[in-house]
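Chemist: Following is a predicted model, sequence given first.
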Amino acid sequence: MPDRAPQPVDRQLPTDEARDLISLVRDIAQREVAPTAAEEEDAGRFPREFFTLLSESGLLGLPYDPEHGGGDQPYEVYLQVLEELAMARLTVGLGVSVHTLACYALAAFGAKEQQAEHLPAMLGGGLLGAYCLSEPASGSDAASLRTKAVRDGDDWVITGTKAWITHGGVADFCTVMARTGEEGPRGITAFLVPGDAEGLSAAVPEKKMGMRGSPTAQVHFDGVRVPDARRVGEEGQGFAIALSALDGGRLGIAACAIGLAQAALDEALGYATERRQFGKPIADFQGLRFMLADMATQIEAGRALYLAAARLRDAGRPFAKQAAMAKLHCTDTAMRVTTDAVQILGGYGYTADFPAERYMREAKVLQIVEGTNQIQRMVIARHLAGPETR
Ligand SMILES: Cc1cc2nc3c(=O)[nH]c(=O)nc-3n(C[C@H](O)[C@H](O)[C@H](O)COP(=O)(O)OP(=O)(O)OC[C@H]3O[C@@H](n4cnc5c(N)ncnc54)[C@H](O)[C@@H]3O)c2cc1C
């Protein structure tokens with residue numbers, strides 16, 4: 001039987017620097033992150049130390065401007081870094097993606113002085129971010145959010161509750177969308193709020209099906225006061241900023257989904273070549289060979305789709321439709337491939353002795369976050385057929 005130890009993914013990378021970067025990340029991911037993933041996810045332990053390590057290694061600000069401590073990497077490279085991290089542990093890959101999302105408002109819409117003051121610590125100074133859009137009563141319909149920011153002299157006073165916040169309770173800064181004006185999308189403004197601001201508190205983290213090491217919590221704003229200098233962009237521009245952030249964020253989710261699916265395929269392939277039934281390895285049975293072939297094909301197609309969208313973004317061209325397609329396809333692929341991996345492991349796949357069941361539980365959330373896959377279809381359809389008639 002040939003050696004079926006997982007091989008590194010054969011990647012198309014634009015430069016030698018990018019190739020070295022991916023090798024470094026793969027080394028950190030497989031040597032430091034992967035070995036403790038099962039135990040820590042089971043215990044629900046958030047691995048803050050890995051984020052500190054990634055920040056020290058220059059990996060928490062990869063797609064941003066080097067002037068403020070960013071890594072100056074194109075999206076096609078940054079996303080493949082995420083994929084390698086998610087292959088080792090989804091909590092870490094997704095955490096980096098959410099942090100990058102939280103930095104976006106300031107990096108793309110902040111004033112020069114704001115960027116100079118805050119970005120270096122956010123992109124490479126060990127800080128970790130949270131992106132606060134969802135609320136208990138507004139998820140898919142995010143423009144109906146009710147958290148309020150009221151002007152008081154040179155300050156804003158923020159009151160309300162955000163829901164489902166990744167890194168809620170552990171984040172050093174929060175990018176918060178709050179209502180400053182009329183109902184609907186035009187009355188929303190973005191703010192950069194310190195994680196230790198007076199009046200800001202987090203609830204006990206949600207008890208989730210998977211990704212238990214990644215804290216997800218409600219964040220309460222009880223009269224949190226921030227200076228106007230922490231408003232990001234114009235008054236009323238917050239929803240446009242939030243959506244613009246999500247276009248890139250969805251590509252991050254797509255890349256994480258492909259990393260997770262690849263880990264599940266590697267696991268299933270390794271098992272199928274070892275496990276014998278009817279006198280031969282189960283990988284010899286055509287029924288399983290076809291499943292493995294379909295899994296690998298869906299993964300390659302997903303990787304190609306998210307990279308095509310990333311290359312559009314890198315070229316400065318519109319990519320929102322392709323980002324929604326990549327998020328939809330890659331996360332559905334992760335769900336299918338992880339479910340098939342459990343099937344290939346048979347009864348053992350249903351136990352916590354193997355990671356396949358964890359991968360399957362983790363895949364589910366990717367079809368929900370940063371716009372459910374129903375919402376992705378709505379976005380794609382709007383690009384195709386225009387807005388729905390009322
Ligand atoms: C683990 C986790 C981490 C998260 N992290 C963050 C975070 O860091 N920051 C943040 O702001 N949010 C975060 N979220 C929130 C996430 O973005 C929302 O859960 C998601 O947008 C869906 O909102 P909802 O849960 O309120 O579902 P709802 O909007 O209530 O949707 C319920 C169901 O109805 C469907 N639906 C709704 N409207 C339509 C429609 N028009 N057409 C067809 N179907 C529709 C949805 O697809 C879904 O199946 C996180 C969620 C989870 C589970």
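Modeler: Received, thanks.

Chemist: now the helices: where do they sit in the chain?
Modeler: Along the chain, counting by DSSP state H, helices occupy 16-28, 37-43, 48-56, 75-88, 90-109, 112-124, 238-274, 286-314, 320-344, 346-349, 356-366, 373-385.

Chemist: what's the average pLDDT for the longest one?
Modeler: Right, helix 238-274. Averaging pLDDT along helix 238-274 yields 98.

Chemist: go on, the fourth one?
Modeler: The average pLDDT within helix 75-88 is 98.

Chemist: swap in the first one?
Modeler: Averaged across helix 16-28, the pLDDT comes to 96.

Chemist: got the buried residues for that helix?
Modeler: Across helix 16-28, burial judged by 16 or more other Cβ atoms under 10 Å covers 18, 21, 22, 25, 26, 28. Every C-beta, even on glycine, is put in place using the N, C-alpha and C of the backbone.

Chemist: Do you know the pLDDT at residue 2?
Modeler: So, for residue 2, pLDDT stands at 44.

Chemist: looking at the helices of the chain, which is closest to the ligand?
Modeler: Closest to the ligand of those, according to Cβ to the nearest ligand atom: helix 373-385, at 3.5 Å.

Chemist: For that closest one, name the packing helices and strands.
Modeler: Using 3 or more Cβ pairs under 8 Å, 6 or more residues apart in numbering; DSSP states H and E as the contact test, the elements touching helix 373-385 are helix 320-344.

Chemist: quick one: the helix it packs on to chain centroid distance?
Modeler: Here the centre of helix 320-344 is set off from its chain's centre by 14 Å, with Cα atoms, centre = their mean, to the nearest Å.

Chemist: Does it reach the ligand?
Modeler: No. On the criterion Cβ under 6 Å from any ligand atom, helix 320-344 is out of touch with the ligand, staying 11.6 Å away.

Chemist: interface residues of the stretch 201-350 of the chain facing the ligand?
Modeler: So the stretch 201-350 of the chain meets the ligand at 208, 211, 216 (Cβ under 6 Å from any ligand atom).

Chemist: mind running it again at 8 Å?
Modeler: 206, 208, 211, 214, 216 (Cβ under 8 Å from any ligand atom).

Chemist: check contacts around the residue in the stretch 101-250 of the chain that the ligand sits nearest to.
Modeler: Going by Cβ to the nearest ligand atom, the ligand is nearest to residue 139 of the stretch 101-250 of the chain, at 1.8 Å. Residue 139 sits next to 163, 164 when contact means Cβ atoms under 8 Å, 6 or more residues apart in numbering.

Chemist: Next up, phi/psi of it, please.
Modeler: phi -110, psi -90 (degrees, to the nearest 10).

Chemist: Quick check: of the residues of the stretch 201-350 of the chain next to the ligand, which lies closest to residue 280?
Modeler: residue 211 (37.2 Å; Cβ to Cβ).

Chemist: what residues are up against that closest one?
Modeler: Applying Cβ under 8 Å, 6+ apart to residue 211 gives the contacts 41, 90, 91, 94, 362, 365.

Chemist: Same check on residue 336?
Modeler: By Cβ under 8 Å, 6+ apart, the neighbours of residue 336 are 295, 298.

Chemist: Same check on the one 5 residues further on?
Modeler: In this structure, residue 341 makes contact with 264, 265, 267, 268, 295, 349, 356, 359, 360, judged by Cβ under 8 Å, 6+ apart.

Chemist: top of those by neighbour count?
Modeler: residue 264 (30 neighbours; other Cβ atoms under 10 Å).

Chemist: thought that residue was touching residue 337?
Modeler: Yes. At 5.2 Å, residue 264 and residue 337 qualify as touching, with contact defined as Cβ atoms under 8 Å.

Chemist: Now for those two: what residues contact both?
Modeler: With contacts taken as Cβ under 8 Å, 6+ apart, the residues that reach both residue 264 and residue 337 are 295, 363.

Chemist: Please spell out which residues along stretch 157-168 are buried.
Modeler: With burial defined by 16+ other Cβ under 10 Å, the residues of stretch 157-168 counted as buried are 157, 158, 159, 160, 161, 162, 163, 164, 165, 166, 167, 168.

Chemist: Could you chop the chain up by domain?
Modeler: According to automatic domain parsing, the chain comprises the domains 16-124, 129-236, 240-385.

Chemist: For residue 6, which of these is the nearest?
Modeler: Using Cβ to Cβ, these put domain 240-385 closest to residue 6, at 3.8 Å.

Chemist: Just the endpoints, please. Distance across that closest one?
Modeler: The first residue of domain 240-385 is 21 Å away from its last residue (Cα to Cα, to the nearest Å).

Chemist: Please list all residues in contact with residue 292.
Modeler: The neighbourhood of residue 292, defined by Cβ under 8 Å, 6+ apart, consists of 265, 268, 269, 272, 283, 344.
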